[in-house]
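need a 3D model of the following:
(one chain, ligands or ions: 2)
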Amino acid sequence: MVFNTQRGHYPQTRMRRLRAHAFSRALVSENQLTPSDLIYPVFVLEGTGQREAVPSMPGVERLSIDLLLTLARDAHALGIPALALFPVVGAEKKSLNAEEAYSADGLVQRAVQALKDAVPDLGVITDVALDPFTTHGQDGIIDDAGYVLNDTTVEVLVQQAASHAAAGADVVAPSDMMDGRIGAIRSTLESAGHHNTLIMSYAAKYASSYYGPFRDAVGSAGNIKGGNKYSYQMDVANSDEALHECALDLAEGADMIMVKPGMPYLDVVQRVKQELKSPTFAYQVSGEYAMHVAAFEQGWLSKEAVMLESLMAFKRAGCDGILTYFALDAAKALQ
Ligand SMILES: NCC(=O)CCC(=O)O
Ligand SMILES: [Mg+2]
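Ligands and ions are numbered 1, 2, ... in the order given. Predicted structure coming up:
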């Protein structure tokens, strides 16, 4: 990048001229944030008429499928293109080997069917990972020592993804960080005739401590055996490795790649977008949401302005879209 130093100096050049009027600021604005940039992560519960607040994520609720449909209609009407669905699974449905993850009649599978019936034009993204379904809270199948077994886990993830596609999911989003799962899922989807099912890969998912409130929301916080996910999620110190991860997932058949968390990792987003030039997403995760909301509730930050600024930062870094718990509020603010 070369700046033209011949452009002149003050007073020939006054950077403030273009900032002086709303019309000229609008003309030279380099990025736009619209509701079509937003993906809304939602938590789904069993039952009917069920609504539960998530204490560490004020404003976020776990909803039963019937209530989720109302939220989905609202999101669609506001111009949000897609929801990302996360199940809250009761202890009685969790097991060592996560069999419930690929049940044709599971909560996610039923929620997908109901959403596609009720709001067919709203994209539905499903989470492919075993942590909601395992008694030990790890994203895969473990051995006696608690190590998450890669290839054994991939076999289960493939069944889970296939069951989501069969239920009508538009996008399956593997968030587990096992090696080789994108290729395995892609070939199974192709064999099953799901040629247009999209894969959004959590390609560069870091072993972050910003996920705490999400684990409260899905009820997996207390039970992570071993206490961390360092043997599969990425070291927060690395960014070359993120490019390697993203390139592999694209080569294996991912249509879209994701960096997660979001704001503290915008350097990674920018490198991924600039070097791979592929549809790139980031997840403004639960901890980022909780930090913002805590400051809003204290009156320390101004909600609407800071929320929109935080989302614009993702666009500036190169994101094509953002998964954010602010999606509904931000879409309303952008109307
Ligand atoms: N697989 C989805 C997540 O882990 C979300 C994390 C968060 O929002 O903190
Ligand atoms: Mg990988």
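
quick one, grab the pLDDT at the residue of the stretch 1-150 of the chain found nearest ligand 1.
With C-beta to the nearest ligand atom as the measure, Asp127 is the residue of the stretch 1-150 of the chain nearest to ligand 1, at 5.3 Å. All C-beta atoms are positioned from the backbone trio N, CA, C, and that covers glycine. pLDDT for Asp127: 98.

ok, now Val218?
pLDDT, Val218: 87.

the helix or strand where Pro213 lies near ligand 1 at all?
Assigned by DSSP states H and E, Pro213 belongs to helix 212-218. Yes. Counting by C-beta under 6 Å from any ligand atom, ligand 1 is contacted by helix 212-218 at Phe214.

got a list of contacts for that helix?
Here helix 212-218 makes contact (C-beta atoms under 8 Å, 6 or more residues apart in numbering) with 43, 54-57, 60, 62, 86-89, 131-132, 137, 221, 224, 285-287, 289-290.

go on, stretch 257-270?
Residues from elsewhere that reach stretch 257-270 (C-beta under 8 Å, 6+ apart): 173, 175, 200-206, 208, 210-211, 239, 242, 246, 249-250, 272, 276, 278-285, 287-288, 310, 313-314, 317-319, 322-324.

so what's the gap between that stretch and the chain middle?
Averaged C-alpha coordinates place stretch 257-270 at 11 Å from its chain's average position (C-alpha atoms, centre = their mean, to the nearest Å).

end to end on it, go ahead and measure it.
13 Å (C-alpha to C-alpha, to the nearest Å).

which parts of the chain sit against ligand 1?
127, 129, 175, 211, 214, 285-287.

the same query, at a cut-off of 5 Å, please.
Within the chain, the positions adjacent to ligand 1 are 175, 211, 214, 285-286 by C-beta under 5 Å from any ligand atom.

now the helices for the stretch 101-250 of the chain?
Assigned by DSSP state H, counting those that start in this stretch, the stretch 101-250 of the chain shows helices spanning 107-118, 150-167, 181-191, 212-218, 240-252.

Glu52 - how many residues pack around it?
14 (other C-beta atoms under 10 Å).

go on, Leu328?
20.

name the SS class of it, please.
Look at Leu328: counting by DSSP: H, G, I helix; E, B strand; the rest coil, its state is helix.

from the chain's centroid, how far away is stretch 194-210?
For stretch 194-210, the distance to the chain centre is 8 Å (C-alpha atoms, centre = their mean).

tell me the buried residues in that stretch?
The neighbour-count check on stretch 194-210 (16 or more other C-beta atoms under 10 Å) flags 194, 197-206, 208, 210 as buried.

what bits of this structure have low per-residue confidence?
1-7, 221-223 (pLDDT under 70).

what about the strands in it?
With DSSP state E as the criterion, the chain has strands at 38-45, 51-53, 61-64, 82-87, 123-128, 171-174, 198-205, 256-260, 280-284, 321-324.

so what's the residue in the stretch 51-200 of the chain positioned nearest to ligand 1 up against?
Using C-beta to the nearest ligand atom, the single residue of the stretch 51-200 of the chain nearest to ligand 1 is Ser175, 3.6 Å away. Going by C-beta under 8 Å, 6+ apart, Ser175 touches 127-129, 139, 202, 205, 260.

so which of those residues is the most crowded?
That'd be Val128 among the contacts of Ser175, by other C-beta under 10 Å, with 31 neighbours.

that one contacts Ala162, correct?
No. Look at Val128 against Ala162 with C-beta atoms under 8 Å: they stay out of range, at 9.9 Å.

okay, and the common contacts of those two?
In contact with both Val128 and Ala162: Ile185, using C-beta under 8 Å, 6+ apart.

what count of nearby residues applies to Glu297?
Neighbour count of Glu297, defined by other C-beta under 10 Å: 12.

my read is that it contacts Pro58, right?
Yes. Applying C-beta under 8 Å, one finds Glu297 in contact with Pro58, separated by 6.7 Å.

now Ser175. Nearest residue, chain neighbours left out?
Nearest residue to Ser175, sequence neighbours excluded (C-beta to C-beta, 6 or more residues apart in numbering): Tyr202, at 4.0 Å.

tell me how far that neighbour lies from Ala295.
27 Å (C-beta to C-beta, to the nearest Å).

likewise Glu245?
32 Å.

more crowded one of these two?
Taking neighbours as other C-beta under 10 Å, Glu245 and Ala295 compare with Glu245 leading, 22 against 14.

that one reaches Ala203, doesn't it?
Yes. At 5.0 Å, Glu245 and Ala203 qualify as touching, with contact defined as C-beta under 8 Å.

in this structure Leu149 contacts Gln138, no?
No. If you go by C-beta under 8 Å, Leu149 and Gln138 don't touch, sitting 10.1 Å apart.

look at those two and report which has more neighbours.
Gln138 (26 against 14).

for the nearest residue to that one once chain neighbours are set aside, list each beta-bridge partner.
Once flanking residues are discounted, Gln138 sits nearest to Val148: 5.3 Å by C-beta to C-beta, 6+ apart. Here Val148 sits in beta bridges with Ile142, going by DSSP bridges.

residue contacts, Val148?
138-142, 178, 231-232.

want to try CSV for the residues you listed, with distance to Leu96 as columns?
Formatted as CSV, these follow (distance: C-beta to C-beta, whole Å):
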residue, distance to Leu96
Gln138, 10
Asp139, 14
Gly140, 11
Ile141, 8
Ile142, 8
Met178, 17
Ser231, 18
Tyr232, 18
